[in-house]
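1. Mind looking at a prediction? Sequence and model below.
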Number of protein chains: 2
Amino acid sequence: MTVTTPSGFRAAGVAAGIKSDDRLDLALVVNDGPDHHAAGVFTRNKVKAAPVLWSEQVLGTRALRAVVLNSGGANACTGPEGFQVAHATAEKAAEVLGCGAIEVAVCSTGLIGKQLPRDTVLAGVEKAAGALDSTSAAALAAASAIMTTDTVAKQAAHTDPAGWSVGGLTKGAGMIAPSMATMLSVVTTDAVVDPADLDPALRAAVRVSFDRLDVDGSMSTNDTVLLLASGASGVRAGAEELTAALTTVCRDLARQMQADAEGVTKRILVRVTGARTEDEAVTVARTVARDSLVKTALFGSDGNWGRVAAAVGYSDAHVDPGSLDITINDVLLCKGGVAAGGRTDADLSGEDIVVEIALGLADGEAEILTTDLSHAYVEENSAYPS
Amino acid sequence: MTVTTPSGFRAAGVAAGIKSDDRLDLALVVNDGPDHHAAGVFTRNKVKAAPVLWSEQVLGTRALRAVVLNSGGANACTGPEGFQVAHATAEKAAEVLGCGAIEVAVCSTGLIGKQLPRDTVLAGVEKAAGALDSTSAAALAAASAIMTTDTVAKQAAHTDPAGWSVGGLTKGAGMIAPSMATMLSVVTTDAVVDPADLDPALRAAVRVSFDRLDVDGSMSTNDTVLLLASGASGVRAGAEELTAALTTVCRDLARQMQADAEGVTKRILVRVTGARTEDEAVTVARTVARDSLVKTALFGSDGNWGRVAAAVGYSDAHVDPGSLDITINDVLLCKGGVAAGGRTDADLSGEDIVVEIALGLADGEAEILTTDLSHAYVEENSAYPS
């Protein structure tokens, strides 16, 4: 159920001292092969963190031996000095693992604008290399070492009956938004794959999993999803099976991120059907999922469908108010753009809320996962220096 | 300092009984001429309230005798029945004022999806007609009658030395977002104007005032700004002077809306300079102004410029991280995309915060007014049924 579920992988998580207390803050994931194929999806934010710039570069080779990940600092807006720290981190990992720096990706998360303590990080890499193991305990330590405002470690795996598997770990609770891979995530597989299949398979999986999660509309400077393939199972996986398995694992991880989002009290699924295209369905669902008035209403367990209708109406997609139906937790509240039921008819007292929006135009459909906007969200983000 | 400051206008605000208590809930603004030129700007939301559909239609004549405005119900998502109530409201006003229904605009605000009580509204129109006056007290009653979550009535005026003036009233504290006139506002002038100047002058003023205010990114179904010109001063105003005076009044009203926004504890001005174009400056400023992480940080008096940098980076505008400077309350915190000062160097303890973003690319610049994301915002919008 984690990155070491597939054969050929070891992981470690250690307290390097980047964070001020004794918490785990540095992780290492190593692919022992025989294959070292890799793919990556990165933030589309134009302000990219140093480790993103580094890792995008090394992914040019489509191969990776290892990934170093740290919390306690995003190494973003840190200039040439920050890039040198990311580079030195990869060099240190290469040295202790006996490979080239070009085979090591680096990921960071935490406060933007703070320089990472170079020597502390490098010592941490050495410490992590000494702790590498293929046990689930080692993987849990790795998943724990990248947590920031996360309250639980997030891992998932999927095993194909043919004898290969996909595993993953992730972190992310805030600054989570769309249109790219969100947060830090490492996904592994021991399938024997055609290297050319990796990148499209990862992108296809990310498009319908992490990219369909939108906590606060804020795209991070550090988002990275890396896929490492060891081939250690000896079993070949085709592009289609691989994509399906990756999608399963990435969706599992995305749901874990939703459930642990900053200040979450409601897990909200916005499902749009009947749009002209899938893209327009995503646009409508995302607009509703980001609307502060919808999110605060749902925090208050209030089936205020009028706010949903308003958000649908200002989305960039084609919408016909006369064919707009809105259903919340199975109760039809708006039919053809007009009130159909009492707003209090839907029971929203539980933790899960499903908002269904039927546009009645064509067959385009999509779902976005989001959360409510609660006092806890405001509290956490007005106090926590992320 | 209000809609009756220009000559030729009368106003009234009464308690019609649309709201369940005795609060003022219906306003009437009448243009006694001699001119009856008018222009209007309406929400671009595709889900438009019935009064918006009605008023857009009557504005086709570019002339208005009167405007009826009510709080206590938005008359949105109310279908043909809702449209008939808006129509009947205009007919009743026409009857009591001795004009045609086609000369009467209607504006509503309040909960979406609720039918307005037709007879109550019509009786209210008659009551308001009996209370019409050109005093500031009458105008204050009108401004008060359209308040929902507003805590203060909002009025403004500007007098040109040549002997004509512009006055306005507005409401709006939530569901306030860009790209169209926001909220309900009636602006009057007694200048003698070329009717063809009115619409472009109003659009120009709205573009840099109401359209530059963004409380929560949520575009309402009912936003309407109407301009009525009586010509009663006998003094001619050219397009340029008229636009300038309208801009002054609309900016004043927009600032009053910002200061009274739902849950506001900080008045935030986001100023972007050095963009490739004004449009791109608006895009960057709006993206930062809408970012929940920026808004919660500023609620916490935290000069977390890294969140500003991240928002700049995910905006749709062209951005070069290497030339990005961020200054908060006069303290340069980020220079060339890298930390320049301590985050705590800026004193954000007061109610006003200025976030300056210099992109260093060209001459495009723009400002957006916004507010923080506070506990009070969450409280108000999870409890208040708007």
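-> Looks like it came in fine.

2. Now do the helices in the stretch 101-250 of chain A.
-> For the stretch 101-250 of chain A, applying DSSP state H, counting those that start in this stretch gives helices covering A:118-130, A:136-145, A:195-207, A:239-259.

3. just the CA coordinates of the third one, formatted as CSV?
-> Read it as helix A:195-207. Taking Å, rounded to 0.1, in the frame of the first residue of the first chain, the C-alpha atoms of helix A:195-207 are listed here in CSV:
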residue,chain,number,x,y,z
PRO,A,195,9.6,3.9,-21.5
ALA,A,196,7.6,5.8,-24.1
ASP,A,197,4.4,4.8,-22.3
LEU,A,198,5.3,6.3,-19.0
ASP,A,199,4.8,10.0,-19.6
PRO,A,200,1.4,9.7,-21.3
ALA,A,201,0.2,7.2,-18.7
LEU,A,202,1.2,9.5,-15.9
ARG,A,203,-0.3,12.6,-17.5
ALA,A,204,-3.6,10.7,-18.2
ALA,A,205,-3.8,9.5,-14.6
VAL,A,206,-2.9,13.0,-13.1
ARG,A,207,-5.5,14.7,-15.4
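
4. Pull the distance from it to the chain's centre.
-> 15 Å (C-alpha atoms, centre = their mean, to the nearest Å).

5. again with the second one
-> Shown here is helix A:136-145, whose average C-alpha point lies 17 Å from the average C-alpha point of the whole chain (C-alpha atoms, centre = their mean).

6. With the last one instead?
-> Taking the mean C-alpha point of helix A:239-259 and that of its whole chain, the gap between them comes to 10 Å (C-alpha atoms, centre = their mean).

7. returning to what we had before: of the helices of the stretch 101-250 of chain A, which is nearest A:S315?
-> helix A:195-207 (19.3 Å; C-beta to C-beta). Heads up, the C-betas are built off the backbone N, CA and C, glycines and all.

8. re the thing from before, most tightly surrounded among the helices of the stretch 101-250 of chain A?
-> Highest mean neighbour count among those (mean count of other C-beta atoms under 10 Å in any protein chain shown): helix A:136-145, with a mean of 24.

9. all strands of the stretch 251-386 of chain A, in order?
-> Assignment of strands within the stretch 251-386 of chain A using DSSP state E, counting those that start in this stretch yields the ranges A:267-275, A:325-328, A:331-335, A:338-339, A:352-358, A:364-371.

10. With distance to B:V355 as added columns, please give those in CSV.
-> As requested, the strands of the stretch 251-386 of chain A are exported to CSV (distance: least, C-beta to C-beta, whole Å):
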stretch, distance to B:V355
strand A:267-275, 30
strand A:325-328, 36
strand A:331-335, 38
strand A:338-339, 41
strand A:352-358, 33
strand A:364-371, 26
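
11. Same list (those strands) but as TSV, adding mean neighbour count, distance to chain B and mean pLDDT.
-> Below are these laid out as TSV (neighbours: other C-beta atoms under 10 Å in any protein chain shown; distance: least, C-beta to the nearest C-beta, whole Å; pLDDT from 0 to 100):
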stretch	mean neighbour count	distance to chain B	mean pLDDT
strand A:267-275	22	13	95
strand A:325-328	23	9	96
strand A:331-335	20	6	93
strand A:338-339	20	4	88
strand A:352-358	20	12	96
strand A:364-371	23	11	91
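
12. out of the ones you listed, nearest to B:R62?
-> strand A:338-339 (31.3 Å).

13. Can you tell me what sits against the closest one?
-> With C-beta atoms under 8 Å, 6 or more residues apart in numbering or on different chains as the test, strand A:338-339 has contacts from A:L333, B:C77, B:T78, B:G79, B:G113, B:K114, B:Q115.

14. same deal with stretch A:232-241?
-> Contacts to stretch A:232-241, defined as C-beta under 8 Å, 6+ apart, come from residues A:6-9, A:32-35, A:160, A:162-165, A:189-194, A:197, A:200-201, A:245.

15. Check which residues of it are buried.
-> The neighbour-count check on stretch A:232-241 (16 or more other C-beta atoms under 10 Å in any protein chain shown) flags A:A232, A:S233, A:A237, A:E241 as buried.

16. now check stretch A:141-161, is it near chain B?
-> No: using C-beta under 8 Å from any C-beta of the partner chain, stretch A:141-161 stays clear of chain B, coming no nearer than 11.2 Å.

17. Report how far apart the opening and closing residues of that stretch are.
-> Terminal residues of stretch A:141-161 lie 28 Å apart, using C-alpha to C-alpha, to the nearest Å.

18. for stretch A:31-40, same thing?
-> 15 Å.

19. Which of the residues in that stretch are classified as buried?
-> A:N31, A:D32, A:D35, A:H36, A:H37, A:A38, A:A39, A:G40.

20. can you name the two of the residues you listed that are farthest apart?
-> A:D32 and A:G40 (19.3 Å).

21. okay, A:P195: pLDDT?
-> For A:P195, the pLDDT comes out at 88.

22. Please look at it and A:T61 and confirm they touch.
-> No: using C-beta atoms under 8 Å, A:P195 is not in contact with A:T61, being 10.5 Å away.

23. ok, back up a step: ok, the buried residues of stretch A:31-40 vs chain B, which is closest?
-> A:G40 (18.6 Å; C-beta to the nearest C-beta).

24. Three-state assignment for that closest one, please.
-> Three-state call for A:G40 (DSSP: H, G, I helix; E, B strand; the rest coil): strand.

25. isn't it right next to A:S55, touching?
-> Yes: contact between A:G40 and A:S55 holds when scored by C-beta under 8 Å: they sit 6.2 Å apart.

26. about what we covered before: in TSV, list the buried residues of stretch A:31-40 along with pLDDT.
-> Formatted as TSV, those follow (pLDDT from 0 to 100):
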residue	pLDDT
A:N31	94
A:D32	94
A:D35	93
A:H36	94
A:H37	92
A:A38	92
A:A39	89
A:G40	88
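
27. CSV for those residues, including distance to chain B?
-> Listed next are the buried residues of stretch A:31-40 as CSV, based on distance: C-beta to the nearest C-beta, whole Å:
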residue, distance to chain B
A:N31, 30
A:D32, 36
A:D35, 34
A:H36, 31
A:H37, 30
A:A38, 25
A:A39, 23
A:G40, 19
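
28. tell me the domain boundaries of chain A?
-> The record's domain parsing of chain A by automatic domain parsing lists A:9-259, A:267-383.

29. What is the burial count for the residue lying closest to A:K114 once chain neighbours are set aside?
-> Distances taken as C-beta to C-beta, 6 or more residues apart in numbering or on different chains put A:G73 closest to A:K114, at 5.0 Å, once the chain neighbours are dropped. Around A:G73 there are 25 other residues, counting by other C-beta atoms under 10 Å in any protein chain shown.

30. Go through the residues of the stretch 101-250 of chain A and report the one nearest to chain B.
-> A:I112 (2.6 Å).

31. Could you check which helix or strand contains A:E91?
-> Assigned by DSSP states H and E, A:E91 belongs to helix A:79-97.

32. What residues sit buried inside that helix?
-> Buried residues in helix A:79-97 (16+ other C-beta under 10 Å): A:79, A:82-83, A:85-97.
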